[in-house]
Structures are given as C-alpha cells and as structure tokens.
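S.K.: model this:
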Amino acid sequence: MREERIGWALRKVLGFSMIVTGISIAAVQLAKGDGPAPAGQASAATMQAAEAPRIENAKLETRAVGASLNATFRELSGKAETPEWIGYAVEEVAGEHSACCDNNWNNGNCGTCRLEKENGGSISTSHADGSVKLEGARQLVVLYRLEAKQVVKIRVASEDCELDAGGLPFVWLTGVKAPESVALLATYVRSSDIEEHGERKIGNGTLTAIALHADASADRALESFAAPEQREALRRQAAFWMGAARGKTGLTALQRMAKTDPSSDVRAHVAFALSVSHEGGALDEIIRMAHDDTSSHVRGQALFWLAQKAGKKAVGTITGAIENDPDTEVKKKAVFALSQLPKDEGVPKLIEVAQTNRNPAVRKQAMFWLGQSNDPRALQFFEKVLTQ
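M.R.: As a prediction, this is how the structure comes out:
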C-alpha cells in the first residue's frame, strides 16, 4: 500500500522534477560585438543591432568558434581561473515544452534568469493563463559555468529569458554546430556521476541539454547512454529523455530497452518514460510490459503508468491483470491502478472487483481504494454490504 502511495507521489514529483532538474528551455541569439562591455552597460540600440540575447549584469564578449567548438572551448576554459559563463545557441527539438529559466511568466513573457542564483532554473509548459504553449522557441541556449579551469554547472535557458550573469564575464560563442555541441556535452555526461548532488552536479543538466538538441547526434548520444554496460542511473535518465523529447526515434529505443535491459529497475523506469511519450506506439508497449515482462515489479509499474494514460486499452489490460496475473502483488497493484482511473471508469470496476473477485486479498484491496475515493457509489456499496 505504501508503495502505491509513493508511486503516485513519484508521478507528480519525478515526472516534473526530472524535467525541472534540468529544463529551462530554449533560446537566444547573440551576434557580433566590438569586445567586452562593462557590467550592465551594453546599450539597447547596440544589443538590438547585434541581435544579442538579453544579458544584463555581465562583462559581455562575443567570439566566433575557431577550428572546432571543442578546441575553442578548451582554450577558454583553460584560462578560466575565476568564475565566468560561456554560452551559445543551437536549434531546439520540436515539442510541447516552452519554459523560462526561473519559471516566471509575465503575460506570456519570461522573467529574468539569474544564473548565479542557486536552483534558479525550472520548467514551465504553460502561460500565465494556464494555456499550453504548443510551439516553443526554436533555439536553445546552452550555458556553462566555469571556475578554476573546470566546468562546474551546465544549464539551458529560454529565448524569452533575460540572463543575469551576476556581474561575471560572459563569453558568447557564434557559429556553433549542433553535432559538436552534443559531442562536447557528452564528455561531461560520461565523466560525471549522474546522481551527484551539490554545486558540481552537472550530469543531469547536461543530459537535458543534449536531449533538447534538434539533431540526430542527440539520439545517438542518448542511445549510447542507455546501453546495458552503462550505469543504471544513467540508463534511467537517458530513458526518460528519450520518452520526453525524442519522438519516434526515442520510442524505438525505449521499445528495445523494454525487451532487453537486464535490470528490472531500469525496465520499470522505461515504463514511466513511455508514459510521458506522445508517440502512438508507447501505450502498446506499456501494455505489452504489463502482460509479458518476467518481473512482477515491472508488470506492476507498467500497470501504474498505464492507469495514468486511461482509455479503453488501459482498462482492459488492468482488469485482465486482476483476473489473470499469477502474482497476487501484481493483482493488488492493478487494483490500485483502477483507483487512478477517472472515477466514472475506476469506481464501477473497483465495486465489481470487491464483489466478485475470488482472491480475498484483491477484494480487500478494492474495498480499501473504494473507501479512499469519496465517491457516493462507493458509499452506497458499503451500505449495501453492511446491511445485508
């Protein structure tokens, strides 16, 4: 029972937080300037003429990439004794995500992204009026914070955001190629602990940045992170982003992981990743996992995420698991999944299970979730049972 409650909380927290941890989507363009500008003193006319991003409180310099992004970046980072920021823009993957760095919408416009503020970035998929912004910015800004000649933080930001660099030097790179950006970012994924905490936690932000690149190299990178020889934490994170941002290519990779990943914990997370995918085949794969996975844990998790999708296919699979799965714990999780369906679908099915199922543990579970529903039909059912 406690596991199901945790699972529901996970749906709310993990689904959003995994995106929140890394996402501040989108883009800005900066163009040619005449060298560093004093902090906060670039004129509006100069910024507009240069098509620069809205950057304030920064010592701004624009620099063209030389022979390669990697070579230019290594040169700059090798000189970064004190804190500074490096940023550039690449094309962003299409999708229903449009966010501000600080999750601060103002009549549909983004607020200020304070780069030096801890935890200053988060996701937003809606405008202030609650409507979803279906077409987000088509440029993604990738930001690196350097200190002591090392990258200590990687973030992304929306083109709607005004960037506040906290008085630090800010080098804007032009002419960046997306595959080179993905390759550079991938080096930080491989060299960092994806579950590391604190100031030097850069793995999650790096995965976010890669996933939001509108380039096939991002698909290849994420698939390499999901290979069986990689750490489980990295495989789980890569799976999430393949479902959340990589469309049909991501779905194909998740279908493969669902069948071949050796870890039941990773496969359970694949079920979650499939639940956030907008591709048509994702639901069918969750159903297959609920039916066929060899792990009762995975089957139970697949049923849970299936309930969040609802629909006739989901109801049929859930009720089928209650009747036919050989594991009582899976049956109980299927009953919990019924409780997560819209009440007009879930409550009648719970009453039916409570009345007719042959397994007393399953009937008891159905009674419990009926009691939690606060639905008048459940009250009528209890009155009928108690007065017979």
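
S.K.: from memory Phe304 sits against Leu338, does it?
M.R.: No. Phe304 is beyond contact range of Leu338, at 10.8 Å (criterion: CB atoms under 8 Å). Any C-beta I mention is one placed from the backbone N, CA and C, and that applies to glycine too.

S.K.: And the strands in the chain?
M.R.: 55-56, 59-64, 84-91, 105-106, 109-110, 112-114, 139-147, 150-157, 162-164, 169-174 (DSSP state E).

S.K.: need the least confident one among these, by mean pLDDT.
M.R.: Comparing mean pLDDT across the strands of the chain, the weakest is strand 105-106, with a mean of 39.

S.K.: coming back round to it: want to try TSV for the strands of the chain, with mean neighbour count as columns?
M.R.: Shown next, in TSV, are those (neighbours: other CB atoms under 10 Å):
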stretch	mean neighbour count
strand 55-56	22
strand 59-64	19
strand 84-91	22
strand 105-106	15
strand 109-110	20
strand 112-114	22
strand 139-147	24
strand 150-157	22
strand 162-164	23
strand 169-174	22
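
S.K.: so which of those comes closest to Ala268?
M.R.: Distance to Ala268, taken as CB to CB, is lowest for strand 150-157 among the strands of the chain, at 27.8 Å.

S.K.: Direction included, what does that closest one pair against?
M.R.: strand 139-147 (antiparallel) (DSSP bridges).

S.K.: Quick check: buried residues in stretch 314-334?
M.R.: Going by neighbour count (16 or more other CB atoms under 10 Å), the buried part of stretch 314-334 is 314-315, 317-319, 321-322, 325, 330-334.

S.K.: What of stretch 289-299?
M.R.: Met289, Ala290, Asp293, Ser295, Ser296, His297, Val298, Arg299.

S.K.: Start and end of that stretch, how far apart?
M.R.: Taking CA to CA, to the nearest Å as the measure, stretch 289-299 stretches 6 Å from start to finish.

S.K.: any idea how far that stretch is from the chain center?
M.R.: 24 Å (CA atoms, centre = their mean, to the nearest Å).

S.K.: Helices along the stretch 251-388 of the chain, start to end?
M.R.: All helices of the stretch 251-388 of the chain, identified by DSSP state H, counting those that start in this stretch, fall at 264-275, 281-292, 296-309, 311-324, 328-339, 343-356, 360-373, 376-387.

S.K.: Which one, of these, ends up nearest to Leu146?
M.R.: Leu146 lies closest to helix 264-275 among the helices of the stretch 251-388 of the chain, at 32.1 Å (CB to CB).

S.K.: and the gap between the residue nearest to Arg138 when sequence neighbours are not counted and Leu184?
M.R.: Using CB to CB, 6 or more residues apart in numbering and skipping residues adjacent in sequence, the residue nearest Arg138 is Glu92, 5.6 Å away. According to CB to CB, to the nearest Å, Glu92 and Leu184 sit 17 Å apart.

S.K.: looking at the protein, which helix or strand is least sure?
M.R.: Scoring the helices and strands of the chain by mean pLDDT, DSSP states H and E places helix 44-49 at the bottom, with a mean of 31.

S.K.: that older thread, looking at the helices of the stretch 251-388 of the chain, spot the one closest to Glu84.
M.R.: helix 264-275 (35.5 Å).

S.K.: CA atoms only for that closest one - export them in CSV, please.
M.R.: Below are the C-alpha coordinates for helix 264-275, written out as CSV (Å, rounded to 0.1, in the frame of the first residue of the first chain):
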residue,chain,number,x,y,z
SER,A,264,14.1,-4.8,-13.7
ASP,A,265,14.5,-1.3,-12.0
VAL,A,266,15.6,0.2,-15.4
ARG,A,267,12.8,-1.6,-17.3
ALA,A,268,10.3,-0.2,-14.7
HIS,A,269,11.6,3.2,-15.4
VAL,A,270,11.2,2.6,-19.1
ALA,A,271,7.5,2.1,-18.4
PHE,A,272,7.5,5.6,-16.9
ALA,A,273,9.4,7.0,-19.9
LEU,A,274,6.9,5.5,-22.2
SER,A,275,4.1,7.1,-20.3
